[in-house]
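**Q** Below are the sequence and a predicted model for it; my questions follow.
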Amino acid sequence: MFCWEKLGKSFTPQEVSGRPWLNEFAQAPSTLLFDDFVRVYFSCRPPADSNGQYVSYSAYVDLDRHDLFKVRRVAHQPILTLGALGEFDEFGTYPVSVIREGDRVRAYYAGWTRCASVPFNVAIGVAISTDGGNIFKKLGNGPVLGYTPDEPFVISGPKVRRFNGEWQLFYIAGRKWKFVDGRPEPVYKIRMATSEDGIRWKKLNRDLIPSRIEEDEAQASPDVFYANGKYHMFFCYRFSTGFRSKKKGYRIGYASSTDLVNWERDDTRAGIDVSSQGWDSEMVSYPHIFELDGKTYMLYLGNQVGRHGFGLAMLSGRLE
Amino acid sequence: MMWIKHGKIFDPIEYALPNGCMEFAQSPQALVFDSFVRIYFSTRAVDTNGKYLSHIAYVDMDLNLHDIIQVSNEAVIPLGGLGSFDEHGIFPINVVRYRGTIYGYTCGWNRRVSVSVDTAIGLTISRDEGLTFQRIGDGPVLSCSLHEPYLVGDAFVKVIDDEFHMWYIFGTAWKRYAPDAAPERTYKIGHATSANGVDWKKEEGCQIIPDRLGPDESQALPTVIGIDGRYYMFFCYRESYDFRQAIGRGYRIGHAWSDDLVNWTRDDEIFPLEGTPGSWDSDMQCYPHVFECNGKVYLLYNGNDFGRNGFGLAELLI
C-alpha cells in the first residue's frame, strides 16, 4: 500500500509579476531535473480577451532541488510561440511534456485552434530545445499526432516516455462532443501510440483505461512511472456533466501494467483525494510523478484546474 | 492529342436534389457500370446561418454521356457529426472500385474562426453499388501533419500494381492580401501511397507539380490516367487572391505527365482545354475528372462560377 502525503501548494502564478502572458493558471506540471534545481513546465494564460476567450502558453518555474517550495526563477518568455494564421496551435500550446534526448530536450505539446460549431480542436505537436530547455523550436508547423478514423478530434494531453528503447506517447482522444448546459463539451479517453523515432507514431487505437463512473467519463493526464517491476499510471477523471463542482469534478485515478498496453484500473489505490478545505478541496487533477534524490513526488492541480497553481505531495509507502 | 468539347451535359437547376440542395454540381467524378455511368457531384444546401453545406449527389447517364437516366433522390452520405472534420460539407468525393466494394474518398469541410475553413480526407465504403456510402470512422484517413499544416483534401485514388496511389492537395499558406481582407488559402498537389487504402504514407510536404504562376498559385483536384504506358495528370490552378471575378486570375486546367509516377513534367500547353467565349465555360475551367468509358478517354469539368450551373464534358482525341 502507498499514499501521498500532501506538502502544500508549491507554485502560485499570481505571485509572478512582469509577465502579462502569465496572469493566472499553472496547469499540467511536468518536470525536467537539473543538478541543482527541478524545472517544472506548466501552462498559463493571459487575461481573457473581450469575448471572454483565452489563449494559453507554456512556461517553466525552476524550484530549488533541496527545497521544492523555493522558486529560483520563472521563464521570462513562453517556451513556444503560438502558431501562425490557420495553424493547429494558433490559439494555445497546452499542455507540454518534455524528455531529454542527448543534450537536447524534446517537447510534445497540444496545439489549440478555434472552431465554429464547437469551441476548439486540439492536436499534438513536437518541438526541440538546444539551449537546455529554455526555448523550443517546432519541428514543423503542423501536428506530429493528428486525427484518424478512430480518433476524430481533440488529440491532447501528451505525456512522452521512453521505455525499452522505444518511444511511447500517452495522450487523450476525443470520443464525442456532448451538449452540457447548452454548450458543447468533449468526452475524451486515454490512448497510446508508440514510435521508433518519436516522429512517426503508430496508434494503439483503443482505450487504455476502462471508464468507471459513467460511460462518458472524461479521462486526462495519463502519467506513467516505472517502479518495482511495474508501470504505474496516475491520471485524472471526471463526470461529463456538472464537472465544475466538487461532487462531479476531477479526481485522481490509478492503474498498473506490466506491459504498458494492458492496464488494470483500481482508483481505490490512488492514495490521494480532495482535502476537507483549502486550495485542493474541490478537485484534484493532472498528476505528474517524478523521483528526486531517493524520494517520489507527485505534482497536481487543485480547485479550478490549476487557476491558482499546483501543489506537491510525497509518496509514503511503496509503489507496487 | 487534343480535346473535343461536348459542352455542358448536366444542369442541377433542372432537377430536384436530395437534402434540399438547389444549385451547384461541382467536381463531377465518374463510376462506370456496364450500361450507364454514375457521376457523383457536390451540390449545396443553405443552413440556418445562411452558410453553405455541400452534399454528395449523383446523376446516372447513358453510356453516350448525353441522356440522363435518373438523379439521386436520397442522401448518398450524411454529413459528419458535431465537431467532426466533415460536419459542414463533403466536396468532392472520389470513387474507386476495390474488391467488390466501392471506396469513396471524401474531402470533409469544417468551419474555423480565424480562417474560414479546414479540410481533411475521409474514407467511406459502399456495398450497394454506390447508392450509399458508410464511413470507416468519424475521423479522417489523411489530415494535417508536421509539414502539411492544414487544408488536406481533393483526393484522387488509383490502384496500380496492387499499390494505392493518392494525389491530393495540402495547404501551404493562409494569407491576408490586404489588411482588412479575409484570409485566402494557397494549396499544392502532393502524393501518398498505401497498401490497403486506409493507412497512408505521405511524401509529407512535398509539392510534386511545379508552379506556373509562382508561389501564390493554388493547385486543386488532381486526376490521373494511364495511356499507353504514360501517366497524364490534369488539375486546375489559379491565383490565390482576386480569383473569383477577375478575368485571367481564375481556375483553368493544367496538365503534367510522368512515366514513373515519381517525376512529373508540367506542360499546360500541349493539349489545352480552353473556354469557349460566350458560353458556360468562357471564364473558368475547373475541377477536372478524367476517366475511360467504351474505349474513350473523357474529361468531366466545371465551368464558370465554380460549377454553380453544372458540368460539361470533353473527349480526348488520341
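**A** On my side now, so go ahead. Numbers count the residues shown, from 1 in each chain, chains lettered A, B, ... in the order given.
**Q** Which residue does chain B have closest to chain A?
**A** residue B:137 (2.7 Å; Cβ to the nearest Cβ). The way it works is simple: take the backbone N, C-alpha and C, and place the C-beta from them, glycine included.
**Q** From residue A:203, how far out is that residue?
**A** 12 Å (Cβ to Cβ, to the nearest Å).
**Q** Assumed residue B:306 was part of a helix.
**A** Yes - counting by DSSP: H, G, I helix; E, B strand; the rest coil, residue B:306 is part of a helix.
**Q** ok, it - contacts?
**A** For residue B:306, the contacting residues are B:24, B:26, B:251, B:284, B:286, B:287, by Cβ atoms under 8 Å, 6 or more residues apart in numbering or on different chains.
**Q** got it, and residue A:103?
**A** With contact set as Cβ under 8 Å, 6+ apart, residue A:103 has these partners: residue A:130.
**Q** do residue B:149 as well
**A** By Cβ under 8 Å, 6+ apart, the contact list for residue B:149 reads A:83, A:86, A:87, A:88, A:140, A:141, A:142, A:143, B:171.
**Q** will you turn the contacts of residue B:306 into JSON lines that also has pLDDT and neighbour count?
**A** Putting those into JSON lines (pLDDT from 0 to 100; neighbours: other Cβ atoms under 10 Å in any protein chain shown) gives the following:
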{"residue": "B:24", "pLDDT": "95", "neighbour count": "27"}
{"residue": "B:26", "pLDDT": "97", "neighbour count": "22"}
{"residue": "B:251", "pLDDT": "95", "neighbour count": "26"}
{"residue": "B:284", "pLDDT": "95", "neighbour count": "25"}
{"residue": "B:286", "pLDDT": "97", "neighbour count": "25"}
{"residue": "B:287", "pLDDT": "98", "neighbour count": "28"}
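**Q** Report the distance from stretch B:92-107 to the chain centre.
**A** 13 Å (Cα atoms, centre = their mean, to the nearest Å).
**Q** Is it in proximity to chain A?
**A** No - between stretch B:92-107 and chain A, judged by Cβ under 8 Å from any Cβ of the partner chain, nothing touches; the nearest distance is 12.0 Å.
**Q** from the contacts of residue B:306, which two are the most distant?
**A** The most widely separated members of those, counting by Cβ to Cβ, are B:24 and B:251 (14.7 Å).
**Q** Name all residues that make contact with the closest residue to chain B within the stretch 101-250 of chain A.
**A** Here the residue of the stretch 101-250 of chain A nearest chain B is residue A:149; by Cβ to the nearest Cβ that distance is 2.7 Å. Counting by Cβ under 8 Å, 6+ apart, residue A:149 touches B:122, B:123, B:135, B:136, B:137, B:138, B:139, B:140, B:141, B:198.
**Q** pLDDT score assigned to the fifth one?
**A** Which is residue B:137. In this model, residue B:137 is scored at 98, pLDDT.
**Q** ok, it touching residue A:147?
**A** No - Residue B:137 is beyond contact range of residue A:147, at 9.8 Å (criterion: Cβ atoms under 8 Å).
**Q** between those two, who's got more neighbours?
**A** residue A:147 (29 against 18; other Cβ atoms under 10 Å in any protein chain shown).
**Q** Show the model's pLDDT score for the more buried one.
**A** For residue A:147, pLDDT reads 98.
**Q** do residue B:312 as well
**A** Here, the pLDDT recorded for residue B:312 equals 98.
**Q** Is it correct that it falls within a helix?
**A** No - counting by three-state DSSP, residue B:312 falls outside a helix, being strand.
**Q** what number of residues lie near it?
**A** 24.
**Q** That one - nearest residue in space that isn't next to it in sequence?
**A** In space, and not counting its chain neighbours, residue B:312 is closest to residue B:8: 4.3 Å by Cβ to Cβ, 6 or more residues apart in numbering or on different chains.
**Q** still on that earlier bit, list just the nearest of the contacts of residue B:149 to residue B:56.
**A** Nearest to residue B:56 among the contacts of residue B:149, with distances taken as Cβ to Cβ, is residue B:171, at 22.5 Å.
**Q** just to revisit the earlier point, what is in contact with residue B:137 and residue A:203 at once?
**A** With Cβ under 8 Å, 6+ apart, residue B:137 and residue A:203 have common neighbours A:148, A:150.
**Q** Quick one: name the residues of the stretch 51-200 of chain B near chain A.
**A** B:81-85, B:87-88, B:110-115, B:118, B:120, B:122-123, B:135-141, B:143-151, B:171, B:174-176, B:183, B:185, B:198.
**Q** If any of those residues are buried, give me the ChimeraX selection for them.
**A** The following ChimeraX line selects those of these that are buried, judged by 16 or more other Cβ atoms under 10 Å in any protein chain shown:
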select /B:83,84,85,87,88,110,111,112,115,118,120,122,123,135,137,138,139,140,141,143,144,145,146,147,148,149,150,151,171,174,175,183,185
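**Q** Surely residue A:257 is in contact with residue A:229?
**A** No - the criterion here is Cβ under 8 Å, and residue A:257 misses it with residue A:229 at 11.2 Å.
**Q** residues contacting the residue lying closest to the residue of the stretch 101-250 of chain A closest to chain B once chain neighbours are set aside?
**A** Once flanking residues are discounted, residue A:149 sits nearest to residue B:137: 2.7 Å by Cβ to Cβ, 6+ apart. Residue B:137 is in contact with A:148, A:149, A:150, A:152, counting by Cβ under 8 Å, 6+ apart.
**Q** Tell me if I'm right that the third one and residue A:204 touch.
**A** The one in question is residue A:150. No - with contact defined as Cβ under 8 Å, residue A:150 does not reach residue A:204; the gap is 10.0 Å.
**Q** Which neighbours do the two have in common?
**A** Among the neighbours of residue A:150, none is also in contact with residue A:204 (Cβ under 8 Å, 6+ apart).
**Q** Let me know the average pLDDT across the helix or strand where residue A:291 lies.
**A** Taking DSSP states H and E as the criterion, residue A:291 maps to strand A:285-292. Here strand A:285-292 scores 98 as its mean pLDDT.
**Q** go on, stretch B:107-116?
**A** Stretch B:107-116 comes out at a mean pLDDT of 98.
**Q** Dump it to PDB, keeping only the CA atoms.
**A** Extracted C-alpha coordinates of stretch B:107-116, given in PDB (Å, rounded to 0.1, in the frame of the first residue of the first chain):
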ATOM      1  CA  CYS B 107     -13.000  15.800 -48.700                       C
ATOM      2  CA  GLY B 108     -14.700  17.000 -45.500                       C
ATOM      3  CA  TRP B 109     -15.100  20.600 -44.600                       C
ATOM      4  CA  ASN B 110     -15.300  22.200 -41.100                       C
ATOM      5  CA  ARG B 111     -15.600  25.800 -40.300                       C
ATOM      6  CA  ARG B 112     -13.000  27.700 -38.300                       C
ATOM      7  CA  VAL B 113     -12.800  31.000 -36.500                       C
ATOM      8  CA  SER B 114      -9.600  32.800 -37.600                       C
ATOM      9  CA  VAL B 115      -9.800  31.300 -41.100                       C
ATOM     10  CA  SER B 116     -12.900  30.200 -42.900                       C
END
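**Q** returning to that earlier point: going by how many neighbours each has, rank residue A:257 and residue A:229 and give me the top one.
**A** The residue with more neighbours, out of residue A:257 and residue A:229, is residue A:257; 15 against 7, by other Cβ under 10 Å.
**Q** ok, what's across the strand from the more buried one?
**A** Counting by DSSP bridges, residue A:257 forms beta bridges with residue A:231.
**Q** do you know how far it is from residue B:243?
**A** 55 Å.
**Q** ok, now residue A:272?
**A** 59 Å.
**Q** Who has more neighbours out of these two?
**A** residue A:272 (20 against 17).
**Q** my guess is residue B:243 meets residue B:250, correct?
**A** Yes - assessed by Cβ under 8 Å, residue B:243 is found in contact with residue B:250 at 5.1 Å.
**Q** what's the single longest strand in the chain?
**A** Went with chain A since none was named. strand A:166-180 (DSSP state E).
**Q** Hmm, no, I was thinking of chain B.
**A** From DSSP E, the single longest strand across chain B is strand B:163-175.
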